[in-house]
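Chemist: quick one, structure for this:
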Amino acid sequence: MDIYLLQLIGHWLSVFFVTLVSLFNFNIVKTTETNVENNSYTKATTVLNQIVNYKTVYVYNSNKSISSKPTILQQGSVGLIYSYENGQKKVVKQPVNQIVELGTAKATTYTGRLTTYTPYCVGCSPQGNVACKVKGKKFSLIKNGQYYVDSTYGRVRILAAALQAFPCGTIVHVDTGTIPPFVGIVLDTGGSMRYAYKNGYVWMDLAYQHKGTAEAKKAGTKHTKFTVLRWGW
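Modeler: Down below sits the predicted model:
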């Protein structure tokens, strides 16, 4: 038989076969699944988890009293390293240093006068605003109250003082001997306090949101102990 005729017949048989598969959806393909074993999974491998302790770094603040409590500026966290039996190591997590702030200034103590005032005093702001701005904003004794929340010392009382000596943000421990000792923050000032300091005398004013409280009547004294814990912000 002519070779060309055989090729032609074979070609037409292929076309016919493909047509049958397409028309009748014959499945003539056989799928064979072959499992390949990964020997590495059958071997025992020793992995050692190594904890890396963090370091404590100290920073020093000359505006903060040496007697004040340390402040954690950044919490430390441990690191983690995987050590394999073949000597290889993989750093999973780097340790983070803990940063602690310490005061270096000597705690300065004064004995002076403490009086009390409200935002309704003569010469006070009609809105009750104190002299110092807090984070660039006004702070009102009428609207915000007689307490301020400090990032380091927490909820503290508001004081008025001579700002040329006790700048805005100064933290003071106050002991009058007539009411329980408390911590205050200088956010306000007054002419009497500035004049007293020029003449060598410390005078501070304790703010109250409302008039005539029982504590306010007992708070004022000429023999108050003022201990500065932080100078300004």
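
Chemist: all the strands of this protein, in order from the start?
Modeler: Taking DSSP state E as the criterion, the chain carries its strands at 47-52, 56-65, 71-74, 79-84, 89-93, 98-105, 108-117, 147-150, 154-160, 171-175, 182-188, 203-207, 221-230.

Chemist: can I get the ones you listed in TSV with distance to Asn129?
Modeler: To be clear about C-beta, it is placed using only N, CA and C from the backbone, and glycine gets the same treatment. Putting the strands of the chain into TSV (distance: least, C-beta to C-beta, whole Å) gives the following:
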stretch	distance to Asn129
strand 47-52	51
strand 56-65	25
strand 71-74	29
strand 79-84	49
strand 89-93	48
strand 98-105	30
strand 108-117	14
strand 147-150	13
strand 154-160	12
strand 171-175	21
strand 182-188	9
strand 203-207	12
strand 221-230	23
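
Chemist: need those in CSV (columns: distance to Glu215 and mean neighbour count).
Modeler: Formatted as CSV, the entries for the strands of the chain read as follows, by distance: least, C-beta to C-beta, whole Å; neighbours: other C-beta atoms under 10 Å:
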stretch, distance to Glu215, mean neighbour count
strand 47-52, 52, 11
strand 56-65, 26, 14
strand 71-74, 29, 13
strand 79-84, 51, 14
strand 89-93, 51, 11
strand 98-105, 30, 16
strand 108-117, 9, 17
strand 147-150, 13, 16
strand 154-160, 11, 19
strand 171-175, 13, 22
strand 182-188, 10, 23
strand 203-207, 9, 24
strand 221-230, 13, 19
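
Chemist: minimum distance to Gly136: which of these has it?
Modeler: Ranking the strands of the chain by proximity to Gly136 (C-beta to C-beta) places strand 182-188 first, at 13.7 Å.

Chemist: who's in contact with Ala193?
Modeler: One thing to correct before we go on: residue 193 is Met, not Ala. Contact analysis of Met193 by C-beta atoms under 8 Å, 6 or more residues apart in numbering lists 160-162, 203-205.

Chemist: nearest to Ile81 among the residues you listed?
Modeler: Of all those, Ala161 has the smallest distance to Ile81: 53.2 Å, by C-beta to C-beta.

Chemist: which stretches of this protein have low pLDDT?
Modeler: Along the chain, the parts satisfying pLDDT under 70 run over 1-46, 67, 107.
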